[in-house]
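Undergrad: Sharing a model prediction with you, sequence too.
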Amino acid sequence: MLQTARILSTRLFVRTRTSDARRLISGVSSGLPDHLEILGTRYPTDAITNVTPAILSKLSLRLHTQHAHPLNTLRSLIEAHYPDWAHLSSLSPLVTPYQNFDELSFPKDHPGRAVTDSYYVNKDMMLRTHTSAHEVEVFRKGHTKWLLTADVYRRDEIDGSHYPVFHQMEGACIFDADASAMKAVEEDNARLSQQLEQANIVIEDVPHISPTNPVQPSHDARHSELVAKNLKLSLNTLMFKLFGGVAGSSKENPLRVRWIEAYFPFTSPSFEVEVFFQGKWLEILGCGVVRQATLDTAGVSNKMGWAFGLGLERIAMILYSIPDIRLFWSTDPRFLSQFEHGKITTFKPYSKYPSCFKDVSFWSPKDKTIHENDFCDLVRDVAGDLVEDVRKIDHFVHPKTGRTSTCFRINYRSMDRSLSNEEVNVIQSQVVSRLRDQLGVEIR
Ligand code: DAH
């Protein structure tokens, strides 16, 4: 599958995911304690518990608040672009599935809910998969213009641009849905348009509203147009602030931004924004006009407005030239000492240590498929950040017995030191025995 298509499907709830992601298998629950203590509270475990110690160890790290960390600097830059907005960054990562999905109008059968895709503490509590999970509660508190930064959690494959914990920033701006407030939006639009005319930026746009990206039934189409336009102008200026220096440094080389129609359960119309960087279009954020149901639930039905969500690692990897997403978690002084708070500098790679790959082939238990995310979580739980990537290199069904055989290649590499073959063998044998014990496979 195309890299971009995969990132789209795993990082934003835009497209329907692969059919096997729909299957609800938990797989990793044997040997589980009755309770888990998470951020000082005890939670009973149940049949769908799939959080692992490796994941839980990340909850308290909050990289977006660590001094001089690239993710923190990027957050500050975005906050500085919206100086009058509320800046929130300390909401707990534990939310209910209701907050994460239902309040945002996700259908009951949305693939993002599957235990193969999300981390559940138990059936009533999960790790947020996106910062949108807090929209209702923040609107309910009375905030009308706000940014929220947080760590989010998604079960995923393992490679240089995917990590099961990453950081998002959610922004929202809502107005009174009346003529005088809409007049102010119109004036703001004129001001922002003028500002953008001075900037070295080329924008490929799509209509604010279209039959495939419709106005909401309860909205006045003219108001929705104005709000969608305000959203685009505001985010175009943000893109110019973030990328203008990197991509649009000369007259012949303007920053190129493009808008694409999208679908999110909690916005309409909805869009994605891409930025042209080093010969490729990179997806930067998702956004749209907030679904009225969200505002109604939050008790602010007299308002309307727009919201966006962006992934900080994605942008920081571009701006700082950081080549591997695991580096954000490094405590190596050769990484951390390179950064100064508030400043974007080019990361100077230090020598990469050699990698070492190991294959494992197994027969799955009868009538069960081992989901790649279950496999990856098990590997990550044993090997932590020593695993660089995992690839499925073979998969077949035995014509006579009907049993499924799968082979995965695990690539081990430390960011900080050389790994010996003996050390990797020890890790690999732990992986193999846990595969046998927890997932019930037969090693070939
Ligand atoms: N929460 C979405 C995601 O991570 C991104 C997003 C899309 C946020 C549209 C928004 C929005 O606020 O309006 O997949």
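TA: Yep, it's here. Worth saying up front: this structure is predicted, and the values here are computed from it rather than measured.
Undergrad: interface residues of the protein facing the ligand?
TA: Within the chain, the residues that sit near the ligand (CB under 6 Å from any ligand atom) are 12-13, 130, 132, 170, 264, 267, 286-288, 307-309. (Each C-beta comes from the backbone N, C-alpha and C, glycine too.)
Undergrad: try 8 Å this time
TA: Contact residues, the chain versus the ligand (CB under 8 Å from any ligand atom): 11-14, 129-132, 135, 152, 168, 170-172, 262, 264, 266-267, 270, 285-288, 290, 306-311.
Undergrad: Which members of the residues you listed occur in strands, if any?
TA: Among these, the ones falling in strands (DSSP state E) are 152, 168, 170-172, 267, 270, 285-288, 290, 306-311.
Undergrad: Of these, keep whichever come out buried.
TA: For those, a burial check counting by 16 or more other CB atoms under 10 Å picks out 152, 168, 170-172, 267, 270, 285-288, 290, 306-311.
Undergrad: and the residue of the stretch 301-444 of the chain at minimum distance from the ligand, bridged to which residues?
TA: Taking CB to the nearest ligand atom as the measure, the stretch 301-444 of the chain has G309 as its residue closest to the ligand, at 2.7 Å. Going by DSSP bridges, G309 is paired in beta bridges with E170, G286.
Undergrad: R434 and V382 touch, don't they?
TA: Yes - counting by CB atoms under 8 Å, V382 is a contact partner of R434 at 6.3 Å.
Undergrad: more neighbours, these two?
TA: When neighbours are counted by other CB atoms under 10 Å, R434 and V382 differ, and V382 comes out ahead with 22 against 17.
Undergrad: can you pull the contacts of the more buried one?
TA: 427, 430-431, 434 (CB atoms under 8 Å, 6 or more residues apart in numbering).
Undergrad: now the stretch 101-250 of the chain, which segments are flagged as low pLDDT?
TA: For the stretch 101-250 of the chain, applying pLDDT under 70 flags the ranges 247-249.
Undergrad: where along it do the strands fall?
TA: Here the stretch 101-250 of the chain has its strands, by DSSP state E, counting those that start in this stretch, at 120-122, 125-127, 145-153, 165-176, 201-204.
Undergrad: neighbours around the nearest residue to N100 once chain neighbours are set aside, how many?
TA: Once flanking residues are discounted, N100 sits nearest to A133: 4.3 Å by CB to CB, 6 or more residues apart in numbering. Neighbour count for A133, taken as other CB under 10 Å: 27.
Undergrad: what are the ranges of the helices in the stretch 151-300 of the chain?
TA: 179-197, 221-247, 292-297 (DSSP state H, counting those that start in this stretch).
Undergrad: for these, which one sits closest to P70?
TA: helix 221-247 (12.9 Å; CB to CB).
Undergrad: tell me the angle of that closest one relative to helix 179-197?
TA: Relative orientation of helix 221-247 versus helix 179-197 (axes from the mean of the first three to the mean of the last three CA atoms, to 10 degrees): 30 degrees.
Undergrad: What residues does K251 make contact with?
TA: N200.
Undergrad: Smallest gap between the stretch 151-300 of the chain and the ligand, at which residue?
TA: For the stretch 151-300 of the chain, CB to the nearest ligand atom, closest residue to the ligand: G286, 3.0 Å.
Undergrad: what's that residue in contact with, if anything?
TA: Residues counted as contacts of G286 (CB under 8 Å, 6+ apart) are 12, 14, 262, 264, 270-272, 308-310.
Undergrad: Pull the number of nearby residues for the nearest residue to S118 once chain neighbours are set aside.
TA: Spatial nearest neighbour of S118, excluding adjacent residues (CB to CB, 6+ apart): T129 at 5.2 Å. By other CB under 10 Å, the residues close to T129 number 22.
Undergrad: And the one 5 residues further on, by the same measure?
TA: Residues near H134, counting by other CB under 10 Å, number 23.
Undergrad: what bridges to V165?
TA: Residues in a beta bridge with V165, per DSSP bridges, are Y153.
Undergrad: Now do the contacts for it.
TA: Contacts of V165 by CB under 8 Å, 6+ apart are 55, 58, 151-153.
Undergrad: Many thanks, I have nothing further to ask.
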